[in-house]
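Chemist: Kindly generate the corresponding structure for this input.
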Amino acid sequence: MKTVKLANGIDMPVLGLGVFKVEEGAELVSAIKEAIRLGYRSIDTAAIYGNETSTGQGIRESGVPREDLFITSKVWNTDLGYEETLAAFDETLRKMELDYLDLYLIHWPVEGKYIDAWRALEKLHKDGRIRAIGVSNFQIHHLETLKKHATIMPVVNQIELHPQLTQKELIAYCAENNIRVEAWSPLMQGGLFNNPVLQEIAAHHGKSVAQVILRWDLQNDIIVIPKSTKAHRIAENMAIFDFELTPEELTQIDALNQNLRVGPDPDNIDF
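Modeler: Down below sits the predicted model:
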């Protein structure tokens, strides 16, 4: 699995398995074990997903040494705050039965709460319990606010990103500040599979629309975590390293942008 180097020097796989909305249980355990068997080394979960226990089980049962895997989770909005975030992190490790995380993220930029939560992440990082710390769904102004208080800047910003929400300005800002961008909902929850532009590009390469989108991410230096529990989809999502999109095709895909979100607007969080 190809990796990129984060600002703090550690390597992160460019492709991972997301487990959003996958319930606890055998299906999730099986999906994680299959992904790792196929060569995935990055698994992304979150406290709010309610599946950290099964995620940890799948990781342990994979047979791959823990140090060869890259495991991410996120602190939820109701646990933002210094002591609350420390306690939430302990609970995440307890559920996953892990000694440390590779990456821990603040899930949403809840105004008035994420600065104290970030102080907790910095402590956990300095204590060696997290290898890297970052944020999710942060816009430029959130990152600018954080910069005024942080002693360690985020190395990752995980955001909703797909061909109809390209977020070019935010991506440029992150690049200038050594923050790697990671895309959640990269396939727009299946909403792009019938797009004629993407279908034509996919046909030209003998690939699926999903593979074209994921390849577009990689060629834009975006880390990507597509979600699936189906073995053939997990395998398909990994088969994106044997072709390359042309500059013209990348431009065609960029032109699909409509600033269209399938998730919440980070500036209007009401949960």
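Chemist: Low-confidence ranges, the stretch 101-250 of the chain, go.
Modeler: Residue ranges of the stretch 101-250 of the chain with pLDDT under 70: none are present.
Chemist: As a check, name the ranges of all strands in it.
Modeler: Assigned strands in the stretch 101-250 of the chain, in chain order: 101-106, 130-136, 156-160, 180-184, 223-224 (criterion: DSSP state E, counting those that start in this stretch).
Chemist: For Ile36, give me phi and psi.
Modeler: Dihedral pair for Ile36: phi -70, psi -40, per degrees, to the nearest 10.
Chemist: Need the nearest residue in space to it, chain neighbours excluded.
Modeler: Ser62 (4.0 Å; CB to CB, 6 or more residues apart in numbering). To be clear about C-beta, it is placed using only N, CA and C from the backbone, and glycine gets the same treatment.
Chemist: Next: Ile179.
Modeler: The spatial neighbour of Ile179 that comes closest, neighbours along the chain excluded (CB to CB, 6+ apart), is Asn157 at 5.2 Å.
Chemist: Pro266 too?
Modeler: Going by CB to CB, 6+ apart, Pro266 has Asn137 as its nearest residue, at 4.4 Å.
Chemist: go on, Glu97?
Modeler: That would be Gly56: by CB to CB, 6+ apart, it lies 4.9 Å from Glu97.
Chemist: so which strand or helix has the one you found?
Modeler: Using DSSP states H and E, Gly56 falls within helix 52-61.
Chemist: which residues touch that helix?
Modeler: Contact with helix 52-61 is made by 19, 24-25, 28-33, 36, 43, 45, 66, 69, 71, 73, 92, 95-98, as judged by CB atoms under 8 Å, 6 or more residues apart in numbering.
Chemist: Identify the residues contacting Lys33.
Modeler: 58, 61-62.
Chemist: Weed out the non-buried ones from those.
Modeler: Buried subset of the contacts of Lys33 (neighbour count, 16 or more other CB atoms under 10 Å): 58, 62.
Chemist: will you turn the contacts of Lys33 into TSV that also has distance to Thr166?
Modeler: Shown next, in TSV, are the contacts of Lys33 (distance: CB to CB, whole Å):
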residue	distance to Thr166
Gly58	32
Glu61	38
Ser62	34
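Chemist: Going by distance to Val110, which of the contacts of Lys33 wins?
Modeler: Distance to Val110 across the contacts of Lys33 (CB to CB) is lowest for Gly58, with 29.7 Å.
Chemist: in what helix or strand does the closest residue to that closest one other than its chain neighbours lie?
Modeler: Spatial nearest neighbour of Gly58, excluding adjacent residues (CB to CB, 6+ apart): Ile32 at 2.9 Å. Secondary-structure assignment from DSSP H and E places Ile32 in helix 26-38.
Chemist: Which other helices and strands does the helix or strand following that helix contact?
Modeler: Next along the chain after helix 26-38, taking DSSP H and E as the criterion, comes strand 42-44. The contact analysis (3 or more CB pairs under 8 Å, 6 or more residues apart in numbering; DSSP states H and E) places strand 42-44 against strand 17-18, helix 26-38, helix 52-61, strand 70-75.
Chemist: by contact count, what packs against the shortest one?
Modeler: With contacts taken as 3+ CB pairs under 8 Å, 6+ apart, strand 17-18 sits against helix 26-38, strand 42-44.
Chemist: Could you point out which of these sits nearest Val4?
Modeler: strand 42-44 (11.0 Å).
Chemist: Having no further points to raise, I will conclude here.
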